[in-house]
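> predicted model follows, preceded by the sequence.
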Amino acid sequence: MNGKERFQFLRRQKPFLWVGTVRTRAGLAFLDSPWPGLDCVELRLDCLLEDGVSPQELRRSLDRRRYAAILTFRHPDEGGLRVRGIDRSRVLEELIPLAEGLDLELRYAHEQLALVQKAQKEGKWLIFSVHEFTTPLPKDRILDALDTFPTVSPDCAKLAVFVENPRELLWLAEQILSRLPTPWAAMATGPWALFSRALFPALGSCLVYGGLDGPAAPGQPALAIVRNLLEHLSLERLLEKIPHPDKTLRP
Ligand SMILES: O=C1C[C@@](O)(C(=O)O)C[C@@H](O)[C@@H]1O
């Protein structure tokens, strides 16, 4: 099963997938530790390399993975860390064969065409995303992104944006639902981060993120806290009773 097929298989089993982010050397242990219900681990390569982890150590950890792995290497403009002396496309190209998915920032997709093609050729699950962690993204930029997503045919279109109040969450949800034909994932950073991780999966977000080894974005809650909340809400059970939002998987 290639990466894309593995994600499709996982997505047929449940309304949304649990993604734990890993950003530290200590956190790499999560890749092969039992964490009930966890579906995928996102490796924040910018944070890991900045923490002194070498590409060889990353390779060794990925070799031992028991969960689907999503690679992402965030530039400071995308809320990531500045890693000096490292060519991010090169690191990603080397590690892609060892992961199931790749998450690239939508606005830089055209600069990373070789990477996109390699990921597609190797059957990886490709997420294109929009990140703005600390200040509200102007509405016209969000609308532009929502119109651009379908032109790059991602397997998942993802937004992780700073939200200041529940009206903005509602606006974002309405725009996503009326404009995005592809599977999507959304979450807020900032004060509404936890609340958003109940609202968006209830509306069809196919991924729910939380930190395994500390916050990977401002306000990002620990995955265990998000899981507790969604269990209290019985969200998975409630959603299993209604049609799957992704009609291509379960009508
Ligand atoms: O896009 C996301 C989601 C996230 O921003 C969050 O708030 O959980 C954390 C990032 O590492 C990840 O790439």
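In hand now; what should we look at?
> so the residue sitting furthest away from the middle of the chain, which state does it fall into?
Relative to the C-alpha centroid of the chain, counting by Cα atoms, centre = their mean, residue 85 is the outermost residue, at 25.7 Å. Secondary structure state of residue 85, per DSSP: H, G, I helix; E, B strand; the rest coil, is coil.
> what residues are bridge-paired with residue 43?
Counting by DSSP bridges, residue 43 is bridged to residue 22, residue 71.
> so it versus residue 37, what's the distance?
Taking Cβ to Cβ, to the nearest Å as the measure, residue 43 falls 19 Å from residue 37. Just so you know, the C-beta spots here come from the backbone N, C-alpha and C atoms, and that holds for glycine as well.
> of those two, who's got more company?
Of the pair residue 43 and residue 37, residue 43 is the one with more neighbours under other Cβ atoms under 10 Å, namely 27 against 11.
> tell me where the chain has helices.
Assigned by DSSP state H, the helices in the chain fall at 3-13, 45-50, 55-63, 88-95, 113-121, 139-152, 166-179, 193-203, 223-232, 235-240.
> which of these sits most buried?
By mean neighbour count, with neighbours taken as mean count of other Cβ atoms under 10 Å, helix 45-50 ranks first of these at a mean of 22.
> does that helix reach the ligand?
No - Helix 45-50 does not reach the ligand (Cβ under 6 Å from any ligand atom); its nearest approach is 8.2 Å.
> please save the CA atoms from that helix in CSV.
Presented in CSV, the C-alpha positions along helix 45-50 are these (Å, rounded to 0.1, in the frame of the first residue of the first chain):
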residue,chain,number,x,y,z
LEU,A,45,11.4,19.1,10.4
ASP,A,46,12.3,22.8,10.9
CYS,A,47,11.9,22.3,14.7
LEU,A,48,13.6,19.0,14.8
LEU,A,49,16.7,20.1,12.8
GLU,A,50,16.8,23.2,15.0
